[in-house]
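>>> This is a predicted model, with the sequence first.
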Amino acid sequence: MKTEKEKMLAGELYDPLDQQLSEERNKARLLIFELNQSREDEVEKREKILKELIPDAGEGLWLQPPFFCDYGSNIKVGKKVFFNFNCIVLDVAEVSIGDYTLFAPNVQIYTATHPMDHKVRAEGLEFAKPIAIGEHVWVGGGAIICPGVSIGDRSVIGAGSVVTRDIPAGVFAAGNPCRVIRPLEEEKQNPDE
């Protein structure tokens, strides 16, 4: 018989009030509190907290507090990833993020979801769908990435977008719902040129 955590990670209905899951979320929230209360000059303290909160993070993770997540342990981060102020990651299922990906302020990443059937929802059960974000992606401020979405390498998501479906590699996508606007060409580095 599967544990509630095994059901959760498998994308099956699970009870979020399970003791093991509650304890793991509580541990993460205590670490998040420490992180969010830390000062800018406490670099070593922040690094230590992040190693415990997000153990599967590549070199050079830069996370600007405040930051919030459910577990931390379900976030898989490549190297040189940046989260700006006030990002939220509901990592009930795995969230994988490729190298050199940037998140502007207030980005929200939600793997958690609830059954459409109100009777099942009333039982307190929920489930999750993993999210995969490629390398060299830039997610604009206030964007929301919904459960089960993939974003391809090098794509840019416009500010305020609600990403409800997969976005291919190498495109600019924006809107609510987010849709591909155009492919990205190799653009000039200096927009004034």
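Looks like it arrived, so ask away.

>>> Assign the nearest residue in space to Y14 that is not next to it in sequence to helix, strand or coil.
Of all residues not flanking Y14 in the chain, K7 sits nearest, at 3.9 Å (CB to CB, 6 or more residues apart in numbering). In this view, the C-beta of every residue, glycine as well, is placed from N, C-alpha and C. With DSSP: H, G, I helix; E, B strand; the rest coil as the basis, K7 sits in helix.

>>> how near is K7 to N84?
According to CB to CB, to the nearest Å, K7 and N84 sit 33 Å apart.

>>> From the rest of the structure, what touches stretch 29-47?
With CB atoms under 8 Å, 6 or more residues apart in numbering as the test, stretch 29-47 has contacts from 49-50, 52-53, 63, 65-69, 72.

>>> chain center to that stretch, what's the gap?
Between the centre of stretch 29-47 and the centre of its host chain there is 19 Å, according to CA atoms, centre = their mean, to the nearest Å.

>>> Check stretch 74-88 too.
Averaging C-alpha positions (CA atoms, centre = their mean) puts stretch 74-88 7 Å from its chain's average.

>>> Endpoints of that stretch, how far apart?
13 Å (CA to CA, to the nearest Å).

>>> And it, what's buried?
Counting neighbours by 16 or more other CB atoms under 10 Å, one finds that the buried residues in stretch 74-88 are 74-78, 80-84, 86-88.

>>> and of the residues you listed, the nearest to I181?
Here the nearest of the buried residues of stretch 74-88 to I181, counting by CB to CB, is N84; it sits at 22.3 Å.

>>> Can you give me the neighbour number for the closest residue to the closest one other than its chain neighbours?
Spatial nearest neighbour of N84, excluding adjacent residues (CB to CB, 6+ apart): P105 at 4.4 Å. P105 has 14 neighbours, counted by other CB atoms under 10 Å.

>>> I'd assumed F85 was in contact with P105.
Yes - taking CB atoms under 8 Å as the definition, P105 is a contact partner of F85 at 4.5 Å.

>>> Where does the prediction get shaky in this structure?
Across the chain, the ranges flagged by pLDDT under 70 are 186-193.
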